[in-house]
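Student: from the sequence below, what's the structure:
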Amino acid sequence: MLGPLEAAVMQFVWAARGPVTVRTVMERLNEGRRELLAYTTVMTVMNRLAAKEVLHRQREGRGYRYEPTVTDTAGIAVRRVMREFGDAAMAHFAAEAKSDPAVLRRLQRLLVER
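Tutor: Numbers count the residues shown, from 1 in each chain. Sure, this is the predicted structure:
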């Protein structure tokens with residue numbers, strides 16, 4: 001799903017709990033690295049994550065600030081499945097939940113909580 005560098009970027013972005021810049025992410029990822037990542041490498045990764053709609057980017061001056069659109073890797077997976085399979089995926093998910101009373105109770109609880 002996510003490559004190693006994408007995963008490292010997302011771990012930092014999720015931990016940041018607020019918008020981040022490419023420079024901030026690059027500096028953090030380069031801490032303790034023998035071979036430093038180039039600014040353009042991190043920028044490309046973050047732009048690709050924005051294109052996948054895993055990150056939202058907003059213009060700030062000449063650059064961008066990025067924030068996550070999902071809270072974890074499960075959110076990325078669900079979003080991908082829903083985009084790729086739409087209603088068919090939702091129907092299968094509902095059928096799976098109906099076939100297991102414990103899963104159905106958890107789903108009902110989650111729907112009420114959110």
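Student: what's the closest non-adjacent residue to Pro19?
Tutor: Counting by CB to CB, 6 or more residues apart in numbering, Pro19 lies nearest to Arg65, which is 3.8 Å off, once chain neighbours are set aside. C-beta coordinates here come from the backbone N, C-alpha and C atoms, glycine included.
Student: for that neighbour, what is the enclosing helix or strand?
Tutor: strand 63-68 (DSSP states H and E).
Student: using CSV, write out every CA atom in that strand.
Tutor: The C-alpha trace of strand 63-68 is given here as CSV (Å, rounded to 0.1, in the frame of the first residue of the first chain):
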residue,chain,number,x,y,z
GLY,A,63,4.9,26.4,-0.9
TYR,A,64,2.3,24.2,0.7
ARG,A,65,1.3,22.9,4.1
TYR,A,66,0.1,19.3,4.2
GLU,A,67,-2.3,17.5,6.6
PRO,A,68,-3.5,13.9,6.6
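Student: neighbours of the residue nearest to Pro19, how many?
Tutor: 16 (other CB atoms under 10 Å).
Student: that one reaches Thr21, doesn't it?
Tutor: Yes - using CB atoms under 8 Å, Arg65 is in contact with Thr21, at 5.9 Å.
Student: so what's the residue nearest to Pro19 bridging to?
Tutor: Gln58 (DSSP bridges).
Student: which residues does it contact?
Tutor: For Arg65, the contact set (CB atoms under 8 Å, 6 or more residues apart in numbering) comprises 19-21, 57-58.
Student: tell me the spacing between Met82 and Leu49.
Tutor: Distance, Met82 to Leu49, by CB to CB, to the nearest Å: 18 Å.
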